[in-house]
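Colleague: just need the structure, nothing else, for what follows:
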Amino acid sequence: MRLIQYLEEGQPRAALVESDDAVRPIRLAGGTYALARLAIASRQSLSAVIDVRLDDDLIDYQQLIDERRLLPPLTHDDPAHCLVTGTGLTHLGSADTRASMHAQADESELTDSMRMFKLGVEGGKPTAGAAGAQPEWFYKGDGDCVVAPEAPMPVPAFAEDAGEEPELAGLYVIGDDGRPWRVGYA
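Modeller: Numbering: from 1, shown residues only. Model (predicted):
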């Protein structure tokens, strides 16, 4: 299932992507966050919550794009309640780049990033019954740093360089019980 989130009369609304040309709105105020919260509270799957709320009408997908009404896939009313984080170095090139960014006068000492990477290489695939190495975790910002599709990317005047970095993002909502619930990925 592929969901999008868009603005309707200034409010987030979720829709199911039917095709490259059309989306089917979901009758529930609050977008994908409200859908996820309802699924968690009712102990139903996201699919079950959506199935009974699908609108009969279709909306032109390209029109939403052209009108710049698309939103990020998951948002919160208060961007401070959205954490954008990452985990781990995923390949040797990334580790080498990170190490060169943190180069020290004494090359014999490993940087924190390289120590974390080395722990992952040595213990990231544990034997059966053993715990693996914890991945590196880092904070990238709150929900204010997430940019909607087709929206301009703000760059501070003092920045000497800027660019986008495509990422595969896991989307989670924290339930009232404090547990993270996976909504999907983007």
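
Colleague: which residues in the chain form helices?
Modeller: According to DSSP state H, the chain carries its helices in the segments 31-42, 46-51, 61-66, 92-101, 112-123.

Colleague: now do the fourth one, average pLDDT.
Modeller: Per-region confidence: helix 92-101 scores 58 on mean pLDDT.

Colleague: what do you get for the first one?
Modeller: For helix 31-42, the per-residue pLDDT values average out at 96.

Colleague: turn the helices of the chain into a markdown table, columns for mean neighbour count.
Modeller: For glycine as for every other residue, the C-beta is placed from the backbone atoms N, C-alpha and C. Shown next, in a markdown table, are those (neighbours: other Cβ atoms under 10 Å):
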| stretch | mean neighbour count |
| --- | --- |
| helix 31-42 | 19 |
| helix 46-51 | 16 |
| helix 61-66 | 14 |
| helix 92-101 | 13 |
| helix 112-123 | 16 |
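
Colleague: of those, which approaches I4 most closely?
Modeller: helix 61-66 (7.7 Å; Cβ to Cβ).

Colleague: how far out from the middle of the chain is that closest one?
Modeller: Centroid displacement of helix 61-66 relative to its chain, using Cα atoms, centre = their mean, to the nearest Å, is 22 Å.

Colleague: right, and the helices of the chain - which one's nearest L168?
Modeller: helix 92-101 (14.1 Å).

Colleague: quick one: which of the helices of the chain is nearest E167?
Modeller: Across the helices of the chain, E167 has its closest neighbour in helix 92-101 (12.6 Å, Cβ to Cβ).

Colleague: any idea how far S47 is from D20?
Modeller: From S47 across to D20, the span is 21 Å (Cβ to Cβ, to the nearest Å).

Colleague: what does P154 give?
Modeller: P154 sits 29 Å away from D20, going by Cβ to Cβ.

Colleague: which one's more surrounded, the two?
Modeller: P154 (10 against 7; other Cβ atoms under 10 Å).

Colleague: run a quick neighbour tally on the residue nearest to the more buried one when sequence neighbours are not counted.
Modeller: The spatially closest residue to P154, leaving aside those adjacent along the chain, is V147, at 7.8 Å (Cβ to Cβ, 6 or more residues apart in numbering). Counted by other Cβ under 10 Å, the residues lying close to V147 total 12.

Colleague: quick one, grab the pLDDT at V147.
Modeller: Value listed for V147 in the pLDDT field: 90.

Colleague: ok, it - contacts?
Modeller: When contacts are counted by Cβ atoms under 8 Å, 6 or more residues apart in numbering, V147 touches 72, 153-154.

Colleague: and the strands in the chain?
Modeller: Here the chain has its strands, by DSSP state E, at 3-8, 11-17, 22-25, 59-60, 83-87, 137-142, 170-174, 180-185.

Colleague: who wins for proximity to A130 among those strands?
Modeller: strand 83-87 (19.8 Å).

Colleague: can you redo the strands of the chain as TSV with mean neighbour count, distance to A162 and mean pLDDT?
Modeller: Below are those laid out as TSV (neighbours: other Cβ atoms under 10 Å; distance: least, Cβ to Cβ, whole Å; pLDDT from 0 to 100):
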stretch	mean neighbour count	distance to A162	mean pLDDT
strand 3-8	20	25	97
strand 11-17	20	27	97
strand 22-25	18	31	98
strand 59-60	16	33	98
strand 83-87	13	17	88
strand 137-142	12	15	88
strand 170-174	16	25	95
strand 180-185	14	25	94
